[in-house]
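K.L.:
kindly return the folded structure for what I paste below:
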Amino acid sequence: MKVIITALVHPELSTREIAHQITDNQKWFISESSVYRILKVQGLVTSPACNVMEAADESKDKTTHIHQQWQTDFTYFKIIGWGWNYLATVMDDYSRFIVTWELCKRMDSTNVSRVVEKAMRIS
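P.N.:
Predicted structure coming up:
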């Protein structure tokens, strides 16, 4: 009942935000998935206010030679004893070769710029 009341009092909140609201303010834990299930049964779950786009099976702009297009990615993982880290990579789209990579403590614009500039110096 607390979930339904909270959702009705705060209609602007998502199911995740409702779960946090209840946990933080009412001092009892409930998971986001439980909030979703309860609200779904009551017909209180609304569809997201966005257009969902599906990924294409393949790129429409095919690369024909190396260094025509690069892809960048940050993958995060926890290293025991070190904490959370981010693996920044720059990969050539055509050859699938990793042009450069770096292990970073943060995922921010400074690290992104440094890794891309490093790739540009190498190529």
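K.L.:
what number of residues lie near Gln71?
P.N.:
The number of residues packed near Gln71 is 11, by other CB atoms under 10 Å. To be clear about C-beta, it is placed using only N, CA and C from the backbone, and glycine gets the same treatment.
K.L.:
element containing it?
P.N.:
Assessed by DSSP states H and E, Gln71 sits inside strand 70-79.
K.L.:
could you do Ala119 as well?
P.N.:
Under the criterion of DSSP H and E, Ala119 resides in helix 109-122.
K.L.:
buried residues in that helix, which are they?
P.N.:
Buried residues in helix 109-122, counted by 16 or more other CB atoms under 10 Å: 111-112, 115, 118-119.
K.L.:
with stretch 93-100 instead?
P.N.:
Buried, per 16+ other CB under 10 Å, within stretch 93-100: 93, 99-100.
K.L.:
contacting residues around Phe74?
P.N.:
86-89, 104, 107, 112 (CB atoms under 8 Å, 6 or more residues apart in numbering).
K.L.:
same thing but 10 Å
P.N.:
86-89, 104, 106-108, 111-112, 115 (CB atoms under 10 Å, 6 or more residues apart in numbering).
K.L.:
and what of Ile38?
P.N.:
Taking CB under 10 Å, 6+ apart as the criterion, Ile38 is in contact with 1-4, 7, 15, 18, 30, 44-45.
K.L.:
domains of the protein?
P.N.:
Domain ranges of the chain: 2-41, 70-122, per automatic domain parsing.
K.L.:
check the average confidence over the last one, would you?
P.N.:
Averaging the model's pLDDT scores along domain 70-122 yields 92.
K.L.:
same deal with the first one?
P.N.:
Mean pLDDT, domain 2-41: 89.
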